[in-house]
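> Quick one, what's the 3D model for this:
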Amino acid sequence: MIVRAEWPGYVMDVLVRPGQEVEEDEPLMILEGTDVSRTSFYINAPECGKIREVLLEEGDFAYEDDDLVVITDSERDD
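Below is the predicted model of the structure:
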């Protein structure tokens with residue numbers, strides 16, 4: 001599964017790394033929005049699994065619908 005940005009923003013912090021197991025709704029990244037107040041928001045895991053790849057790093061800009069993180073089924077050996 002590929003986790004995508006719902007809104008544009010700057011990556012403020014990456015909270016996971018490849019190989020890490022995550023639970024559903026666990027925070028993966030913190031983005032800072034492009035609105036006037038620069039509101040921060042979490043990108044959460046839509047389901048449990050294992051982090052296969054983190055596609056952006058701190059300081060990168062994510063446009064709406066950009067790929068952020070790849071999560072695989074934790075039962076699979078990828």
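> Give the residue farthest from the middle of this structure.
residue 36 (22.6 Å; C-alpha atoms, centre = their mean).
> Any stretches of the chain with poor pLDDT?
For the chain, the stretches with pLDDT under 70 are 75-78.
> hmm, 90 instead?
Applying pLDDT under 90 to the chain flags residues 34-38, 73-78.
> can you give me the helices for this protein?
In the chain, no helices are defined using DSSP state H.
> Give me the distance between residue 55 and residue 36.
Using C-beta to C-beta, to the nearest Å, residue 55 is found at 28 Å from residue 36. To be clear about C-beta, it is placed using only N, CA and C from the backbone, and glycine gets the same treatment.
> try residue 63
19 Å.
> cool, residue 6 as well?
Taking C-beta to C-beta as the measure, residue 6 falls 19 Å from residue 36.
> And residue 68, by the same measure?
Here the criterion is C-beta to C-beta. By it, residue 68 lies 24 Å from residue 36.
> and the residue lying closest to residue 4 once chain neighbours are set aside, how many neighbours does it have?
Nearest residue to residue 4 in three dimensions, chain neighbours excluded: residue 65, at 5.2 Å (C-beta to C-beta, 6 or more residues apart in numbering). Residue 65: 10 surrounding residues under other C-beta atoms under 10 Å.
> Next: residue 24.
10.
> Test my guess that residue 63 contacts residue 4.
No - with contact defined as C-beta atoms under 8 Å, residue 63 does not count as touching residue 4 (9.8 Å).
> who has more neighbours, these two?
Ranked by neighbour count (other C-beta under 10 Å), residue 63 and residue 4 place residue 4 first, with 16 against 11.
> For that one, give me its contacts.
By C-beta atoms under 8 Å, 6 or more residues apart in numbering, the residues touching residue 4 are 65-68.
> Was I right to think residue 61 contacts residue 5?
No - counting by C-beta under 8 Å, residue 61 stays clear of residue 5, with 9.7 Å between them.
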